[in-house]
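Undergrad: have a look at this prediction, sequence included:
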Amino acid sequence: MLLLEMVLYLFIGTIAGASAGLFGIGGGIVIVPLLVGVFALQDIDSSVTMHLALGTSLATICFTSASSALTHYSLGSVSVRTVRKLAPAMICGAAVGVSAANYIGTELLKQLFGTFLLLIAITLVLEIRPSQSRAPSPGSHLLAGTSFGAISALLGVGGGTMSVPYLIWRGHHTHAAIGSSAACAVPFAGAAAVGYVFIGWGDEAIPAGSLGYVYLPALLGITLSSMLFSSLSARICHSISSRSLTYLFAFILAAIGTLMLFDV
């Protein structure tokens, strides 16, 4: 069973890594539901499976996004200025999201987030953007980053599903939005994962091999494959046209949003 579990973790990491490199998302939207399923197979206490999946997902995203961001940076598609403004706000949001993790109803949050993803997908396809006649106000990145960080920490995702469309909306080229989003995810996911370690510390229901709500065997397996595939897919990203990449990203957001809304 241990070998099968590791194979499953490697498979999850492959999907997460490809998502990180191509679209600048940490892969948490894929990791969390798959981890919940694998944890059920392992007979891990159902009272902690969701929190364990969230914490583990965020820990893996930290490594996956780092690999992706470095590749995008080497290809010139990371806006350091944008990362410096957006990442600290996302870290602040992570603190809010982790703190609220035990109190906000998961089902309602899934419904709201699913609707949000569908709306973002529509705006990308229809190319709805605000006027670029003036630069974004200093507070726009703070408000957006804090919101993205809070919601992403609650869902165990890297924030790319929100930050990539936001940066495109703000006039960034798609490749730059993806690379910058991946860079922002590194400090955000690290901070959020530490938060889940803290709130899960001492919980008697967590399985052996856990550090708070981070399950170390899953972290190892997913990280090994995700870092490899995130780097490879980041390079593939630059061979795809910006318009095609935007449409593909919109399709994935719409699909994920639909799954969340209807709990498929």
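TA: That came through, no problem.
Undergrad: okay, now the unreliable bits of this structure?
TA: By pLDDT under 70, the weakly predicted segments of the chain are 1, 20-26, 105-110, 128-138, 230-231, 233-235, 237-238, 242, 263-264.
Undergrad: chain center to stretch 28-40: distance?
TA: Computed by CA atoms, centre = their mean, to the nearest Å, the separation of stretch 28-40 from the middle of its chain amounts to 13 Å.
Undergrad: cool, stretch 151-169 as well?
TA: Centroid separation for stretch 151-169 versus its chain: 7 Å, with CA atoms, centre = their mean.
Undergrad: how long is it end to end?
TA: Across its full length, stretch 151-169 reaches 19 Å between end residues, using CA to CA, to the nearest Å.
Undergrad: my guess is Leu118 contacts Gly257, does it?
TA: Yes: with contacts counted by CB atoms under 8 Å, Leu118 reaches Gly257, the gap being 4.1 Å. C-betas here are computed from N, CA, C, even on glycine.
Undergrad: so which of these two has more stuff around it?
TA: Looking at Leu118 and Gly257 with other CB atoms under 10 Å, you find the greater number of neighbours at Gly257, namely 22 against 19.
Undergrad: now that one, nearest residue through space, not along the chain?
TA: Once its chain neighbours are removed from consideration, Gly257 has its nearest residue in Leu117; the separation is 3.3 Å (CB to CB, 6 or more residues apart in numbering).
Undergrad: what is the burial count for the one you found?
TA: Here the number of neighbours of Leu117 (other CB under 10 Å) works out to 25.
Undergrad: how about Val194?
TA: Burial measure for Val194: 19 neighbouring residues, criterion other CB under 10 Å.
Undergrad: how close does it sit to Glu127?
TA: For Val194, the distance to Glu127 under the criterion CB to CB, to the nearest Å works out to 38 Å.
Undergrad: ok, so what distance separates the residue nearest the centre of the chain from Tyr166?
TA: The residue lying closest to the centre of the chain (CA atoms, centre = their mean) is Gly158, at 2.2 Å. Distance of Gly158 to Tyr166, given as CB to CB: 14 Å.
Undergrad: next one: Gly27
TA: Here the distance between Gly27 and Tyr166 works out to 19 Å (CB to CB).
Undergrad: quick check: phi and psi at Val214.
TA: Geometry field for Val214 lists phi and psi as phi -120, psi 120, criterion degrees, to the nearest 10.
Undergrad: who's in contact with it?
TA: The neighbours of Val214, taking CB atoms under 8 Å, 6 or more residues apart in numbering as the test, are 52, 55-56, 59, 193, 196-197, 200.
Undergrad: just the ones of these in helices?
TA: The helices, defined by DSSP state H, take in 52, 55-56, 59, 193, 196-197, 200 from the contacts of Val214.
Undergrad: isn't the residue nearest to Gly257 up against Ala254?
TA: Yes: between Leu117 and Ala254 there is a contact at 7.1 Å, judged by CB under 8 Å.
Undergrad: list the buried residues for stretch 141-154?
TA: Burial within stretch 141-154, assessed by neighbour count using 16 or more other CB atoms under 10 Å, is assigned to 141-142, 144-154.
Undergrad: contacting residues for the nearest residue to Ile222 once chain neighbours are set aside?
TA: Take Ile222 and drop its neighbours on the chain: the residue closest to it by CB to CB, 6+ apart is Gly13, 3.8 Å away. For Gly13, the residues meeting the contact criterion (CB under 8 Å, 6+ apart) are 60, 64, 221-226, 229.
Undergrad: do Val96 as well
TA: With contacts defined as CB under 8 Å, 6+ apart, the neighbours of Val96 are 146, 149-150, 153.
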